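Chemist: Here is a sequence together with a model predicted from it:
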Amino acid sequence: RLFMRDSLARMENYKSLVGEHIRKYGLPQEIIAVPLIESGYQNLPESNNPVKAAGIWQFIRQTARVYGLVVNEKRDDRLNVELLTDAAMRYLQSNNLRFKDWHLSVLAYNMGENAVQKGMDALSTRDAWVLIRNGYEGDRDYLPKLMAAILIMRNPDSVE
């Protein structure tokens, strides 16, 4: 509860910036909850986790570079919240153009679009929950945590 309360408080600092990008790219408002579970809306350097992801959206170096961000010894655009937010919106939009389903798109955000496609092909399904039940997920319970974060975000008194 404390982590979520603190995360919701930090989210307030980024709400207008993230909301502006969500509107710009025509994404669902619920996408604002992704950094709640990725970083708790903390602009974390990659040294804070084993997969070397960084920023409020927790991009790994490879994904950051694919979406035009500079990541090297002198500069890490993943720590520039505006640039990273724009890249995250484009990544989520790209996933949704490919999968035509927001659950699959968010799952691909977490585990990679090729892994999602592999699971869909192996199981002959487009149901993200079937993929998860069959072991196709990145971070354990990522999609359920996102759904819970959305509910909490809509009902912040639930963590008081």
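Modeler: Good, I have the coordinates.
Chemist: what residues are up against V70?
Modeler: When contacts are counted by Cβ atoms under 8 Å, 6 or more residues apart in numbering, V70 touches 76-77. For the C-beta atoms, the positions are set from N, CA and C on the backbone; glycine is no exception.
Chemist: Give me the nearest residue to A53, chain neighbours excluded.
Modeler: I60 (5.0 Å; Cβ to Cβ, 6 or more residues apart in numbering).
Chemist: residues near the one you found, how many?
Modeler: A count of nearby residues for I60, using other Cβ atoms under 10 Å, gives 17.
Chemist: Confirm for me that it is in contact with N49.
Modeler: No. I60 is beyond contact range of N49, at 9.9 Å (criterion: Cβ atoms under 8 Å).
Chemist: Could you look up the SS state of Y41?
Modeler: coil (DSSP: H, G, I helix; E, B strand; the rest coil).
Chemist: That one - how many residues pack around it?
Modeler: Counted with other Cβ under 10 Å, Y41 comes out at 23.
Chemist: which residues touch the residue nearest to A53?
Modeler: 51-53.
Chemist: Understood, closing this out.
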